[in-house]
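Asker: 3D model of this:
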Amino acid sequence: VKSDRVGKKIVWRNPAGLDSDQIEWLVQSYYQPYHRELSLKCALPGLKLGLDCHTMWAVNPPIANGGDERRPLVCLSNGGDEEGNPLPGQKISAPGILIRQLAAALENGLTNWPTKKGPVVQINRPFTGGYITKRYGINENQGIPWIQVEFNRELYLQNLPPSAEPDFVSFTKLKDLRKL
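Answerer: This next block holds a predicted model:
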């Protein structure tokens, strides 16, 4: 169970975190039901792709490698290299050709986006995928491709510090992204 966020901002009111009973309750109440339901959805006939969507800071946070390097507007991840191909001895969660096609489509849709200050789309950089893509990706039991999608907060939090948190007004800007 997560205890802090990027930048070491504490998640819980109690700085010491949660006790074992609280953690067990969260796992039983949220984690397990979520993954049971996700497993069922992955088995639906006709399902072609899973997307695990997140947001990321506009630049690397202080705790990341690479200093304050500007991040792309979108990072697509399948656990492979920067072309989406498998690394030696590793599995990927979606075919390289699929992630490259998605990258090209997003690049085309975001090329003229007003906040573009760095790369538009990168594959497996700065993230290579996470738990969901590894657990449910094509090389596991479910058999459908999974891609992790990280959207740069700069897409909807403009002219704010990289660590800014979304507010209600920022969420209304997300409507423009739905048109892509």
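Asker: Can you give me the distance of the residue of the chain positioned farthest from its centre to residue 38?
Answerer: Computed with C-alpha atoms, centre = their mean, the residue of the chain farthest from its C-alpha average is residue 21, at 29.0 Å. As for residue 21, its distance to residue 38 is 25 Å (criterion: C-beta to C-beta, to the nearest Å). For the C-beta atoms, the positions are set from N, CA and C on the backbone; glycine is no exception.
Asker: go on, residue 117?
Answerer: 35 Å.
Asker: follow-up on the earlier one: residues in contact with the helix or strand containing the residue farthest from the centre of the chain?
Answerer: If you go by DSSP states H and E, residue 21 is part of helix 20-26. Contacts with helix 20-26, where a contact means C-beta atoms under 8 Å, 6 or more residues apart in numbering, come from 1, 18.
Asker: Could you pull out the helices in the chain for me?
Answerer: 20-26, 32-42, 96-110, 131-136, 168-177 (DSSP state H).
Asker: Of those helices, which stretch is the most buried?
Answerer: When those are scored by mean count of other C-beta atoms under 10 Å, the highest mean neighbour count falls to helix 131-136 (a mean of 19).
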